[in-house]
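Undergrad: fold the following and give me the result.
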Amino acid sequence: EVQLVESGGGLVQPGGSLRLSCAASGFTLSNYAMTWVRQAPGWGLEWVSAINSGSGRITYTDSVKGRFTISRDNAKNTLYLQMNSPKPEDTAVYYCARGGSSDYGLYDYWGQGTQVTVSS
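TA: Numbers count the residues shown, from 1 in each chain. Alright, predicted model coming up:
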């Protein structure tokens with residue numbers, strides 16, 4: 001059974017740091033493109049970052065470039081999102097999803113989400 005389980009969310013001060021994890025089971029993470037998507041209160045889904053399978057090509061939305069880092073640990077079969085210098089506008093529920101398309105409907109598995117609140 002394929003599962004994605006996020007963890008690491010919480011309350012963080014602006015300028016702090018937080019690392020989100022997405023533990024995958026039932027498949028080999030490195031064989032698939034993986035994406036982080038977020039949803040702020042009252043807003044729709046927003047694509048944040050993705051890492052391709054194989055070469056591991058990485059992309060970010062402009063608003064997080066230079067602050068967030070996506071990575072994966074193949075030995076642990078886990079995807080990460082390192083959030084440095086978060087801003088209040090980064091407050092959202094963060095989801096990891098299997099897939100790399102810009103069409104969220106093509107992602108076949110999603111985690112349950114982890115809440116990130118950026119506030120002083």
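
Undergrad: secondary structure element for the closest residue in space to R72 that isn't next to it in sequence?
TA: In space, R72 comes closest to L79 once its chain neighbours are excluded; the distance is 5.0 Å by C-beta to C-beta, 6 or more residues apart in numbering. Every C-beta, even on glycine, is put in place using the N, C-alpha and C of the backbone. Taking DSSP states H and E as the criterion, L79 maps to strand 78-84.

Undergrad: which residue of the chain sits farthest from its center?
TA: Ranked by distance from the centre of the chain (C-alpha atoms, centre = their mean), the top residue is S120, with 22.7 Å.

Undergrad: so what's the closest residue in space to that one that isn't next to it in sequence up against?
TA: If the residues on either side of it in the chain are set aside, S120 comes closest to Q13, at 5.3 Å by C-beta to C-beta, 6+ apart. Shown in contact with Q13 (C-beta atoms under 8 Å, 6 or more residues apart in numbering): 118-120.

Undergrad: give me the phi and psi for V37.
TA: phi -130, psi 150 (degrees, to the nearest 10).

Undergrad: that one and Y107, how far apart?
TA: Going from V37 to Y107 by C-beta to C-beta, to the nearest Å gives 8 Å.

Undergrad: one more: N52?
TA: Separation of N52 from Y107 (C-beta to C-beta): 14 Å.

Undergrad: compare those two (neighbour count), which wins?
TA: Under the neighbour definition other C-beta atoms under 10 Å, N52 and Y107 were set side by side, and Y107 has more, 18 against 13.

Undergrad: ok, that one - contacts?
TA: Residues near Y107 by C-beta under 8 Å, 6+ apart: 35, 37, 97-99, 101.

Undergrad: put the buried members of those residues into a PyMOL selection.
TA: To isolate the buried subset of those in PyMOL, counting by 16 or more other C-beta atoms under 10 Å, use the following:
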select buried, resi 35+37+97+98+99
